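Peer 1: Mind folding the following:
(2 chains)
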Amino acid sequence: MNEVNKSVKKYLILFKTYLQKYIYYRASAFVWMLSDIIPFIVLIILWQAVYQNRSSIAGVSFNQMVVYYLSISFLRELIYTGGGRNTISEEIYTGQLSSLLLKPFNYLKRVFVEEISWRFIQFGLFLIPYVLLFICFKNVVKGVYNFKLWPVFILALILSFLISAFLDYLCGIGAFWLTQTSTLFHLKDIFYWLLGGLTFPQKLLPCLLQKINITLPFYYVFGFPTELIISNLSYGQIIIRFLVQLIWVIFLYLIYKLLWQKGLRKYDAWGN
Amino acid sequence: MMLGVIKHHLKIFIKFIQFSFIQHFAFRFNFYGYLIDIGWLLFSIAFIKIFYLNVPEIVGWNYWEMLVLLGVFWIFQALIYGLVVIGNCRKIPQLVWTGELDGILLKPINSQFNVSLRIIWTPIFLNIIPAIWFIYLGFSGLKQPADLINVFCFILMSVFGFLIAYGLWFIITIFVFFLERADNLPYLPQAVIDNVSQYPIDIFKGKTKFIFIWFIPLAFVVSFPTQVLLGQLSKIYVIYAGWLAIIILYLSSLFWNFALKHYSSASS
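Peer 2: Numbering: from 1, shown residues only, chains lettered A, B, ... in the order given. Below is the predicted model:
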């Protein structure tokens, strides 16, 4: 028990340290937040123009569309992880990894703690603009959300965060083998935008693509939790997708573990 | 006198291009880097395709017209990112905080010109090839040949549009002189300019549209030049674009000089 307490305390100290670091970078976090919201606001405006003479498109009403984009952009701020790009691949390239491996904490857990502290600052900053946005659209938002399923939603959200993190970290440890990993991160982002639901609700994709998409991990990062809260999935669909989401978390974790071990064996650094 | 200054800066600009070419060709062609651009290009086409699978037109623009707009947008992006953004605007925060700006200010050329065009990112210009192909596909689908006068007015207006976008980007970026630790500030105009200018300006209504035409004139960057190319907009807008470009460039230079007065070097 004492060991567990010690371990928790260790990571709590790390969390506080990172929190202090990121509070210093709050202006930067604010700029990221603004530049993240803008594409979604423009997409809402675009849809408003498209819906002018239509009540629904592919069975989605304008109100549902607005709520979809507001929700998915909000969830993106919560879920989207950047530790693979900014921490893991950087530390492998610069050789900082060598000294970090000698420190008395688990490398993956440390990256995770850093990630959560950054999300914490982001969350504090974006809560106010999002509350204002939801107030602006309060007539549209009314009645669209399905809060009955909130425990399932929270669980799905945690799994989404884990998929996002493992995909991100997998790209990050690509630095063991590749001279530059930015291509991997960009490809991941393209899949998020196209298939992850960031650009369109899943319903608007062609039928075949929809069927393929629900077997891929990208949809489970942003699309699934958003659809869960705006109530257009049956219980059967929810159970199946939830299971697929869980399988992806386990699978990606195992792949990460395997590649991390292989990468470490290949890793060498000089002068550290 | 004025002509001499322009000639001098033009010569330096050519040197900048030569230097950037040598720098980029010294290494093997970065195939993976180019793969990213191709990926985003495919994403743009998929985006339009999926949109038009669900609706026949967007604010009066059909699929082929939208393809022309996409091509123009990609040319604009290649030019602004290649000439101004990647190697220069994004580096301004670093120049200010590290004090490297001192070295630039001491050079006997216009400092705004120097910080804006020093490093040119040449590989991105390759994107212009598929972009021209999009425009060609669009015109083929429309079964309408491009009118020569329209093409000339389009090129002229695109140059003005480019200068407008540059001016706005630069003005927002130099707020770094007054803000602490916002090294990502150049990404803010990127989010606004990229997202607003990649769609027809008619998606905006009322006051917002008015603002994007006359105050933050992003309509003149991609949407209006495309309309001129398609022969759907009066040519008088080319003159408006010229005036707006002059005003914004002048404002950017005023703001640059004002910011420099507040600059205290980090290194000395």
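Peer 1: pLDDT averaged over stretch A:122-135 - what is it?
Peer 2: Averaged across stretch A:122-135, the pLDDT comes to 84.
Peer 1: ok, residue B:246 - contacts?
Peer 2: By CB atoms under 8 Å, 6 or more residues apart in numbering or on different chains, no residues touch residue B:246. Every residue, glycine included, has its C-beta placed from N, CA and C.
Peer 1: Looking at it now. What's its pLDDT?
Peer 2: According to the prediction, residue B:246 has pLDDT 97.
Peer 1: Keeping just the C-alphas, turn stretch A:165-180 into CSV.
Peer 2: The C-alpha trace of stretch A:165-180 is given here as CSV (Å, rounded to 0.1, in the frame of the first residue of the first chain):
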residue,chain,number,x,y,z
ALA,A,165,-2.9,8.8,-27.1
PHE,A,166,-1.7,5.4,-28.4
LEU,A,167,-2.1,6.4,-32.0
ASP,A,168,-0.1,9.5,-31.3
TYR,A,169,2.6,7.7,-29.3
LEU,A,170,2.9,5.0,-32.0
CYS,A,171,3.7,7.8,-34.5
GLY,A,172,6.1,9.3,-31.9
ILE,A,173,8.1,6.1,-31.5
GLY,A,174,8.4,5.9,-35.3
ALA,A,175,11.4,8.1,-34.6
PHE,A,176,13.3,5.0,-33.6
TRP,A,177,13.3,3.9,-37.3
LEU,A,178,12.5,7.0,-39.4
THR,A,179,14.6,10.2,-39.9
GLN,A,180,11.5,12.3,-39.6
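Peer 1: hmm, it in reach of chain B?
Peer 2: Yes: using CB under 8 Å from any CB of the partner chain, stretch A:165-180 reaches chain B at A:178, A:180.
Peer 1: which other helices and strands contact the helix or strand of chain A with the lowest mean pLDDT?
Peer 2: Within chain A, no helix or strand scores below helix A:83, which has a mean of 74 by mean pLDDT, DSSP states H and E. Other helices and strands packing on helix A:83, by 3 or more CB pairs under 8 Å, 6 or more residues apart in numbering or on different chains; DSSP states H and E, are helix A:107-136, helix A:150-173.
Peer 1: tell me what the last one is packed against?
Peer 2: Read that as helix A:150-173. helix A:62-79, helix A:83, helix A:89-94, helix A:107-136, helix A:182-194, helix A:223-229, helix A:235-266.
Peer 1: tell me the angle that helix makes with helix A:182-194.
Peer 2: With axes from the mean of the first three to the mean of the last three CA atoms, to 10 degrees as the basis, helix A:150-173 and helix A:182-194 are set at 150 degrees to each other.
Peer 1: what's the average pLDDT for helix A:150-173?
Peer 2: 92.
Peer 1: buried residues in it?
Peer 2: A:152-153, A:155-157, A:159-173 (16 or more other CB atoms under 10 Å in any protein chain shown).
Peer 1: before we move on, what about stretch B:132-151?
Peer 2: Neighbour counts over stretch B:132-151 (16+ other CB under 10 Å) mark B:134, B:135, B:137, B:138, B:139, B:142, B:146, B:150 as buried.
Peer 1: With stretch B:48-64 instead?
Peer 2: B:48, B:50, B:51, B:52, B:54, B:58, B:61, B:63, B:64.
Peer 1: and the fourth one, what does it touch?
Peer 2: For residue B:52, the residues meeting the contact criterion (CB under 8 Å, 6+ apart) are B:58, B:63, B:66.
Peer 1: rerun at 7 Å
Peer 2: residue B:63 (CB atoms under 7 Å, 6 or more residues apart in numbering or on different chains).
Peer 1: What separation is there between it and residue B:61?
Peer 2: Residue B:52 is 10 Å from residue B:61, where distance means CB to CB, to the nearest Å.
Peer 1: Over to the first one?
Peer 2: Here the criterion is CB to CB. By it, residue B:48 lies 10 Å from residue B:61.
Peer 1: Quick one: residues contacting residue 66.
Peer 2: This is for chain A. Contacts of residue A:66 by CB under 7 Å, 6+ apart are A:44, A:137, A:140.
Peer 1: think we crossed wires, I meant chain B
Peer 2: Residue B:66 touches B:48, B:58, counting by CB under 7 Å, 6+ apart.
Peer 1: Residue A:168 is in contact with residue A:80, isn't it?
Peer 2: No: if you go by CB atoms under 7 Å, residue A:168 and residue A:80 don't touch, sitting 8.5 Å apart.
Peer 1: Output the one helix or strand in chain B whose mean pLDDT sits lowest in PDB with nothing but the alpha carbons.
Peer 2: Lowest on mean pLDDT, DSSP H and E among the helices and strands of chain B sits helix B:31-54, with a mean of 82. Output in PDB follows, covering the C-alpha atoms of helix B:31-54 (Å, rounded to 0.1, in the frame of the first residue of the first chain):
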ATOM      1  CA  PHE B  31       9.600  12.500 -50.700                       C
ATOM      2  CA  TYR B  32       7.800  11.900 -47.400                       C
ATOM      3  CA  GLY B  33       7.400  15.600 -46.900                       C
ATOM      4  CA  TYR B  34       5.800  15.900 -50.300                       C
ATOM      5  CA  LEU B  35       3.500  13.000 -49.400                       C
ATOM      6  CA  ILE B  36       1.900  15.200 -46.700                       C
ATOM      7  CA  ASP B  37       0.900  17.800 -49.300                       C
ATOM      8  CA  ILE B  38      -0.500  15.100 -51.600                       C
ATOM      9  CA  GLY B  39      -2.400  13.700 -48.600                       C
ATOM     10  CA  TRP B  40      -4.000  17.100 -47.800                       C
ATOM     11  CA  LEU B  41      -4.700  17.600 -51.500                       C
ATOM     12  CA  LEU B  42      -6.500  14.300 -51.700                       C
ATOM     13  CA  PHE B  43      -8.400  15.300 -48.500                       C
ATOM     14  CA  SER B  44      -9.600  18.500 -50.200                       C
ATOM     15  CA  ILE B  45     -10.900  16.600 -53.200                       C
ATOM     16  CA  ALA B  46     -12.600  14.000 -50.900                       C
ATOM     17  CA  PHE B  47     -14.100  16.900 -48.900                       C
ATOM     18  CA  ILE B  48     -15.700  18.500 -52.000                       C
ATOM     19  CA  LYS B  49     -16.800  15.100 -53.400                       C
ATOM     20  CA  ILE B  50     -18.600  14.100 -50.200                       C
ATOM     21  CA  PHE B  51     -20.200  17.500 -49.900                       C
ATOM     22  CA  TYR B  52     -21.600  17.300 -53.500                       C
ATOM     23  CA  LEU B  53     -22.800  13.700 -52.900                       C
ATOM     24  CA  ASN B  54     -25.300  15.200 -50.500                       C
END
